[in-house]
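1. Have a look; sequence and predicted model below, questions after that.
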Amino acid sequence: LLNLQRDYGADRLNAACARARAIGGYRLKHIRSILQSGLDQMPLEPAKQAALSLGDHENIRGAQFFQ
């Protein structure tokens, strides 16, 4: 990952990681492919952005549960 940051910059790498996370691609080859194809510079689709947030659910307790 550090080599990709050196080649593409931190902003592009972070965007590529966010996109890879949204699609479930956690391998280095997925992130490299996103950077090489320029997908990191395109906005995420709204459905994929929504998948990144946890939202409300009865099983999510939050910080106040652990105090």
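-> Alright, I've got the coordinates.
2. use CA for all of it now, contacts and neighbours both
-> Will do.
3. Have a look at this structure and report its longest helix.
-> The longest helix of the chain (DSSP state H) is helix 10-23.
4. In terms of secondary structure, what does that one contact?
-> Packed against helix 10-23 by the contact rule (3 or more Cα pairs under 8 Å, 6 or more residues apart in numbering; DSSP states H and E) you find helix 2-8, helix 28-37, helix 46-52.
5. So for this protein, the centremost residue is which one?
-> The centre of the chain sits closest to residue 18, judged by Cα atoms, centre = their mean, with a distance of 1.5 Å.
6. Residue 16: what's it in contact with?
-> 31, 34, 35, 39, 40 (Cα atoms under 8 Å, 6 or more residues apart in numbering).
7. what's the closest non-adjacent residue to it?
-> The shortest distance from residue 16 to any non-neighbouring residue, by Cα to Cα, 6 or more residues apart in numbering, is to residue 40 (4.7 Å).
8. what number of residues lie near that neighbour?
-> Residue 40 has 22 neighbours, counted by other Cα atoms under 10 Å.
9. ok, now residue 19?
-> Counted with other Cα under 10 Å, residue 19 comes out at 26.
10. how much space between residue 34 and residue 27?
-> Per Cα to Cα, to the nearest Å, residue 34 is found 11 Å from residue 27.
11. Of the contacts of residue 16, which is the most crowded?
-> Result: residue 31 is most packed of the contacts of residue 16 (other Cα under 10 Å), 24 neighbours.
12. So which of the helices and strands packed on helix 10-23 is the most surrounded?
-> Highest mean neighbour count of the helices and strands packed on helix 10-23: helix 28-37, a mean of 16 (counted as mean count of other Cα atoms under 10 Å).
13. Quick one: list the elements packing against that helix.
-> Partner elements for helix 28-37 (3+ Cα pairs under 8 Å, 6+ apart): helix 10-23.
14. For the helix it packs on, what is the distance to the chain centroid?
-> Its chain's average C-alpha position is 4 Å from that of helix 10-23, according to Cα atoms, centre = their mean, to the nearest Å.
15. Also stretch 16-35?
-> Distance, centroid of stretch 16-35 to centroid of chain: 7 Å (Cα atoms, centre = their mean).
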